[in-house]
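>>> sequence unknown, structure follows:
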């Protein structure tokens, strides 16, 4: 079954693993502003992921560069414009195992990095190391 761990091989697309990956981001906070049906992950008060907690397989909505978003939607049937979100900047990914684990992790990182890049320098600095934000391309803009 999709999203269940019956063979010891944990597919990334299981909802629990997506939740853990989002919560592991530096400065990440898990909130439930829409009730028990969706976990919202924020960094410095700004949302970078929304995980559906309804029936399996579930889904995750992630912020995305508009050009990348269109390419992902063309490549994967499980990637659609963000449900109840700005469809230009958000994708909803159904957790049906059709998006490879590594790519899903990269999409979580990409969403987080897009949100953090818009924070002030001081707010970014307070998140600590490991967010990928110390790279030259971001440091040159401060």
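Sure thing, it's come through. Everything numeric here is computed off the predicted structure, so don't read it as measured data.

>>> Every contact and neighbour count from this point should use C-alpha atoms.
Will do.

>>> in this protein, which spans are helices?
15-23, 66-75, 101-117, 121-125, 136-139 (DSSP state H).

>>> mind checking which of those helices is nearest residue 52?
helix 15-23 (8.5 Å; CA to CA).

>>> for the closest one, which positions count as buried?
15, 18, 19, 22, 23 (16 or more other CA atoms under 10 Å).

>>> For the second one, give its distance to residue 53.
As for residue 18, its distance to residue 53 is 11 Å (criterion: CA to CA, to the nearest Å).

>>> Of the helices of the chain, give the one that comes closest to residue 36.
helix 15-23 (13.9 Å).

>>> in the chain, what spans have low per-residue confidence?
Scanning the chain for pLDDT under 70 picks out 1-13, 128-142.

>>> Reformat the helices of the chain as a markdown table; add distance to residue 30.
Output for the helices of the chain, formatted as a markdown table (distance: least, CA to CA, whole Å):
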| stretch | distance to residue 30 |
| --- | --- |
| helix 15-23 | 7 |
| helix 66-75 | 24 |
| helix 101-117 | 13 |
| helix 121-125 | 18 |
| helix 136-139 | 26 |
